[in-house]
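Trainee: I'd like to go over a predicted model; first the sequence, then the structure.
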Amino acid sequence: MADTPETGAGAGGARDPLSLRHVPFAAGLGVVIEHMAPGASRLSLDLKPEHCNSWGAAHGGVVMTLLDICMAVAGRGYDPLNLSGVTVDMSINFIAPGRGRQIALGRVVARGTGLWRCEGEVRNAGDDSLVARAIGTFMFKNFANSAKRPVGDA
């Protein structure tokens, strides 16, 4: 089976855990998972003109998307092939304009039976300056023993 944008699945139908092809919005933006480990993630995005606001900085929606995905991917890191995350709530503080390559770091800070708390930050790669921070609550489902197709942000 060839990779498909809808699933990110490769040979044998297994989903590539470092791919976001199963999330068309993220794939269309060009978000790349550089690192995923249990409770931690690092993503990147090379800003293009269509990612920017009228001031030439990263659009707030793009920054919020990076924060959302990096936190969900940090949670998925505990079981990348079977976990799927859905955002329940997210609070963001914008600090400075995003310029050039953006790096998003996600971290799980608490895991409950149903809801997990995560933190994320986006930084300008050029000078490591902080662009924005977020905290979020996520619901993770494990689809290891289910016929259901994973859904969610990451």
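Mentor: That came through, no problem. The shown structure was predicted, so the numbers you read here are calculated from the model rather than taken from an experiment.

Trainee: Relative to Arg107, how far out is Lys48?
Mentor: 27 Å (C-beta to C-beta, to the nearest Å). Where C-beta positions appear, they are placed from N, C-alpha and C, glycine not excepted.

Trainee: So between those two, which is more surrounded?
Mentor: Shown here are Lys48 and Arg107; by other C-beta atoms under 10 Å, Arg107 has more neighbours (17 against 10).

Trainee: Not counting its neighbours along the chain, what's nearest the more buried one?
Mentor: Glu119 (5.0 Å; C-beta to C-beta, 6 or more residues apart in numbering).

Trainee: Quickly note the distance from Ala40 to Ala74.
Mentor: In terms of C-beta to C-beta, Ala40 sits 5 Å off from Ala74.

Trainee: where along the chain do the strands fall?
Mentor: For the chain, the strands defined by DSSP state E cover 32-37, 40-46, 83-94, 101-111, 115-124, 130-142.
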